[in-house]
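Trainee: Structure for this input, please:
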Amino acid sequence: MEMRNLGRSGLRVSVLGFGAMTFGGTADSPFGRIGTTAGTEAGRIVARCLDAGVNLFDTANSYADGRSEEILGKALGARRHQAIVATKAYNRTGPGPNDLGASRHYLMRACEDSLRRLGTDHIDLYQLHNYDGMTPQDETVRALEDLVRAGKVRYVGVSNYSGWHLMKGLATADRLGCGRYVSQQISYSLLQRHAENELVPLALEEGVGILVWSPLQGGLLSGKYRRGQALPGGTRISGGELEGERREHLDAIVDLLTGIASDRGVAIAHVALAWLLRKPAVTSVLVGARTETQLVENLAAAELELGDDEVLRLDRASESPWIYPYSMYRTFGGERNPYYLRGEPFRSWRDR
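Mentor: Next up is the predicted model:
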């Protein structure tokens, strides 16, 4: 399993990570639709990941009301030292006015609760799950720095931030002399390329590693959805979400994925994951699994390396309309903004 540095940090993580959102859901909860894996099956999945060279395990304090953290901690057991454990905090964990957000009050308590559930004395990567518009950045950054200095957290990151919010957080850390965010966890796939407007260029310029969630877009790029076929049952996608132009866009991408997969003798999902691993600044792609069988199939994607022509064909098939002002960068300022010209790699000015 290939290892990459997480952003500009010295932390090395596997190019495929395991997303434990499928752990701990119950039939009567929203997370039950995502996954109910627990006990022995969870232990087998985690062991198989470690044996395959996967060292990054991602969860959150809000997944299945904290049960995901508990199950992951127990599954790692004596092999905890082999893992880079990443969890997140922000989402509501109780009915009170301070039971969510990125305030010092919330983060200090949430970190202690996560440490207890995970059964560990430190969190390798502590991530803000969302942006808190009511808490000053100074307060959040200083709280995270205190957790690092206390030895409870080793690195910090964010998830679902806009470009300017992340840049403000980085600037705040610089101004205060605190540790910077080393990563951003984002939605990115052949069907979701909005991150290429701001978040990917920012990652390259500022040395922030990208961790990808939902790389198969909730299963849409898994091979279950084919042109002219009815939607399969038992999935998280409703028919109303796949109509008109959106369905045509999906079909065009899946047609191309199917052709490349057939030529290579691999699964469609492998091609979709391998495309992401060729994208600039992507450090690791998080894959989930309800069963050990699903996990083994997903991990095989790490062995596939797409050629430049295959990547370019997928780029063209999945490209969405450029929004303002990035359309201006591309149309009228391309030679001064090479990232926005397809097929031309972007390099930070620091590396030129």
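Trainee: now the stretch 201-350 of the chain, which segments are flagged as low pLDDT?
Mentor: 231-243, 342-350 (pLDDT under 70).
Trainee: now the strands for it?
Mentor: Applying DSSP state E, counting those that start in this stretch to the stretch 201-350 of the chain gives strands spanning 209-213, 282-287.
Trainee: most tightly surrounded among those strands?
Mentor: Using mean count of other Cβ atoms under 10 Å, the stretch among the strands of the stretch 201-350 of the chain with the largest mean neighbour count is strand 282-287, at a mean of 25. (Each C-beta comes from the backbone N, C-alpha and C, glycine too.)
Trainee: list the helices and strands that strand packs on?
Mentor: Here strand 282-287 touches strand 3-5, strand 12-14, strand 16-19, strand 56-58, strand 209-213, helix 268-277, helix 292-299, going by 3 or more Cβ pairs under 8 Å, 6 or more residues apart in numbering; DSSP states H and E.
Trainee: can you redo those as a markdown table with distance to Asp28?
Mentor: Below are those laid out as a markdown table (distance: least, Cβ to Cβ, whole Å):
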| stretch | distance to Asp28 |
| --- | --- |
| strand 3-5 | 40 |
| strand 12-14 | 34 |
| strand 16-19 | 23 |
| strand 56-58 | 25 |
| strand 209-213 | 25 |
| helix 268-277 | 30 |
| helix 292-299 | 23 |
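Trainee: hey, what's the residue nearest to Ser159 when sequence neighbours are not counted bridged with?
Mentor: Leaving aside its chain neighbours, Ser159 sits nearest to Gln185 (3.8 Å; criterion: Cβ to Cβ, 6 or more residues apart in numbering). With DSSP bridges applied, Gln185 shows beta-bridge pairing to Ser159, Leu211.
Trainee: Now for Gln185, how many residues are close by?
Mentor: By other Cβ atoms under 10 Å, 27 other residues sit near Gln185.
Trainee: ok, now which ones touch it?
Mentor: Gln185 makes contacts with 58, 88, 127, 157-160, 210-213, 286, as judged by Cβ atoms under 8 Å, 6 or more residues apart in numbering.
Trainee: Repeat the analysis, applying 10 Å as the threshold.
Mentor: By Cβ atoms under 10 Å, 6 or more residues apart in numbering, the contact list for Gln185 reads 17, 19, 58, 60, 86, 88, 125, 127-129, 157-161, 209-213, 284, 286.
Trainee: likewise Ala110?
Mentor: By Cβ under 10 Å, 6+ apart, the contact set of Ala110 is 61-62, 87-91, 93, 99-103, 126, 129.
Trainee: how far does the one helix or strand it maps to sit from the chain's center?
Mentor: Using DSSP states H and E, Ala110 sits within helix 104-118. Centroid displacement of helix 104-118 relative to its chain, using Cα atoms, centre = their mean, to the nearest Å, is 21 Å.
Trainee: Show me what the next helix or strand after it packs onto, helices and strands only.
Mentor: Per DSSP H and E, the first helix or strand lying C-terminal to helix 104-118 is strand 123-128. Judged by 3 or more Cβ pairs under 10 Å, 6 or more residues apart in numbering; DSSP states H and E, strand 123-128 is in contact with strand 56-58, strand 84-89, helix 104-118, helix 137-149, strand 153-159, helix 163-176, strand 181-187, strand 209-213.
Trainee: Look up how far Ala301 lies from the nearest residue to Tyr126 once chain neighbours are set aside.
Mentor: Of all residues not flanking Tyr126 in the chain, Val153 sits nearest, at 4.3 Å (Cβ to Cβ, 6+ apart). Relative to Ala301, Val153 is positioned 30 Å away (Cβ to Cβ, to the nearest Å).
Trainee: what does Met108 give?
Mentor: Relative to Ala301, Met108 is positioned 38 Å away (Cβ to Cβ).
Trainee: between the two, who's got more neighbours?
Mentor: Ala301 (23 against 16).
Trainee: returning to that earlier point: any chance of TSV for the helices and strands packed on strand 123-128, columns distance to Leu221?
Mentor: Listed next are the helices and strands packed on strand 123-128 as TSV, based on distance: least, Cβ to Cβ, whole Å:
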stretch	distance to Leu221
strand 56-58	20
strand 84-89	23
helix 104-118	31
helix 137-149	34
strand 153-159	21
helix 163-176	25
strand 181-187	13
strand 209-213	12
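Trainee: Of those, give the one that comes closest to Ile34.
Mentor: Ile34 lies closest, by Cβ to Cβ, to one member of those: strand 209-213, at 12.2 Å.
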